Each structure stands twice: as structure tokens, then as C-alpha cells.
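In: can't give you the sequence, but here's the structure:
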């Protein structure tokens, strides 16, 4: 079943698929979510700063 859900990961990494892959996927999603949130906050702050001057 694991290979159906996570076909992109090769079994050559030497770790159990069902443990490694969800954490990798989760970390990647979390990272991209945090980065996009930071980017949005920066843009908001930048616009706010521009309007004040």
C-alpha cells in the first residue's frame, strides 16, 4: 500500500517507507507554508511602510 501512496521515494534509502516518507512530505509542506506566510507578511509590512512615508 505504501508504494501506491508514495511512489516517488525509492526504497534504496534503507529506512522503512511508512516512517520516512510522511515526515518528509510533512516537513516540505510545512516549510513551504511557513515561507509563503513570511513572504506575505513582508509584503504587507513593505506596503504599510511605503504608505506611511
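Out: Great, that's in hand. Only a predicted model underlies this, so the values are computations on that prediction, with no experimental measurement involved.
In: and residue 31, how many neighbours?
Out: For residue 31, the neighbour count with other C-beta atoms under 10 Å is 10. Quick note: C-beta positions are derived from backbone N, CA and C, even for glycine.
In: Number of residues surrounding residue 42?
Out: For residue 42, using other C-beta under 10 Å, the count is 10.
In: Please apply the same query to residue 25.
Out: When neighbours are counted by other C-beta under 10 Å, residue 25 registers 14.
In: tell me which element it is part of?
Out: helix 17-52 (DSSP states H and E).
In: helices and strands around that helix, which ones?
Out: Under the contact definition 3 or more C-beta pairs under 8 Å, 6 or more residues apart in numbering; DSSP states H and E, helix 17-52 sits against helix 2-5.
In: what pLDDT, on average, does the helix it packs on get?
Out: Helix 2-5 shows a mean pLDDT of 49.
In: cool, and stretch 33-42?
Out: 83.
In: in that stretch, what's buried?
Out: For stretch 33-42, a neighbour-count test (16 or more other C-beta atoms under 10 Å) marks nothing as buried.
In: Can you give the contact residues for it?
Out: Stretch 33-42 is contacted by no other residue when judged by C-beta atoms under 8 Å, 6 or more residues apart in numbering.
In: and residue 29, how many neighbours?
Out: 10.
In: same check, this time on residue 27
Out: The number of residues near residue 27, taken as other C-beta under 10 Å, comes to 10.
In: how far away is residue 28 from residue 34?
Out: Remark: distance between residue 28 and residue 34 (C-beta to C-beta, to the nearest Å) = 11 Å.
In: I misspoke; the intended subject was residue 49.
Out: In terms of C-beta to C-beta, residue 49 sits 22 Å off from residue 34.
In: Same check on residue 25?
Out: Per C-beta to C-beta, residue 25 is found 15 Å from residue 34.
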